[in-house]
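Peer 1: attaching a predicted model along with its sequence, questions to come.
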Amino acid sequence: MAVESKTDICNLALDLLSGSTVLDIDAPTNTNEELLERWYDQCRRQVLREHPWNFAAKRAILAASSTAPLFGYTAAFPFPNDFIRLLTVESDESVIIRPENYQIESHEGVKSLLMSVDASTARIRYVYDIEDVTKFDAMFISYLAMTIALATAYKITESNGSVERIAQLQKDYASMAKAISGQERPPTRIERSRNKTARLSGSNNNPHRLIF
């Protein structure tokens with residue numbers, strides 16, 4: 001049977017714990033459903049942040065904030081509401097910008113990308129907060145189920161042995177799932193160009209100038 005809902009994933013977690021199946025975690029009517037409803041989104045976002053999953057990657061062009069950072073950088077670019085993890089920042093020529101040339105932090109209460117650039121937009125690739133279970137990769141589903149099982153294992157089974165068993169299973173499976181996801185992603189090349197650096201940063205003396 002295909003996995004098509006949050007409840008289906010939670011039932012996979014319960015299978016690992018030899019627990020009874022649940023009917024609907026979105027409308028919980030018993031203790032296990034309430035427990036799984038509390039943990040599902042937390043675990044899903046955690047697993048998305050752990051690895052640059054190919055199925056959860058997308059691109060965006062960010063608009064600069066109307067106010068600049070107080071110091072150190074010239075522009076702040078607020079992330080989309082569905083932002084989970086930054087993968088790459090790219091120039092207009094699709095050259096990867098080195099991580100030491102930007103900073104992620106809160107700007108005016110919004111998680112933002114800070115850079116020193118003479119530009120009104122920034123191009124990024126990122127992992128987004130994907131919720132549609134039917135779009136999940138099969139290995140991600142299994143790993144998420146294991147993560148949910150680990151988070152709820154003691155509460156459901158009251159057994160330290162169950163916690164230890166699921167923790168080892170999750171650890172072993174994580175290595176395989178992440179390796180396969182990584183093999184499907186071509187290596188990225190970070191290029192160096194002083195001309196592009198000077199043009200995009202606006203100054204060769206800027207301590208936070210872009211280096212490719």
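Peer 2: Alright, I've got the coordinates. Residues are numbered from 1 along each chain as shown.
Peer 1: and the most centrally placed residue in the chain, backbone torsions?
Peer 2: With distances taken as CA atoms, centre = their mean, the residue of the chain nearest its centroid is Arg49 (3.2 Å). Dihedral pair for Arg49: phi -70, psi -20, per degrees, to the nearest 10.
Peer 1: so it touches Ile84, yeah?
Peer 2: Yes: with contact defined as CB atoms under 8 Å, Arg49 counts as touching Ile84 (5.6 Å). To be clear about C-beta, it is placed using only N, CA and C from the backbone, and glycine gets the same treatment.
Peer 1: okay, the closest residue to Leu113 other than its chain neighbours: pLDDT?
Peer 2: Closest residue to Leu113 apart from its sequence neighbours, by CB to CB, 6 or more residues apart in numbering: Phe77 at 4.4 Å. At Phe77, the pLDDT value in this model is 98.
Peer 1: just checking the distance from whichever helix in the chain runs longest to the centre of its chain.
Peer 2: Scanning the chain for the helix with the most residues, using DSSP state H, yields helix 160-183. Its chain's C-alpha centre lies 18 Å from the corresponding centre of helix 160-183 when counted by CA atoms, centre = their mean, to the nearest Å.
Peer 1: helices or strands up against that helix?
Peer 2: When contacts are defined as 3 or more CB pairs under 8 Å, 6 or more residues apart in numbering; DSSP states H and E, helix 160-183 sits against helix 138-157.
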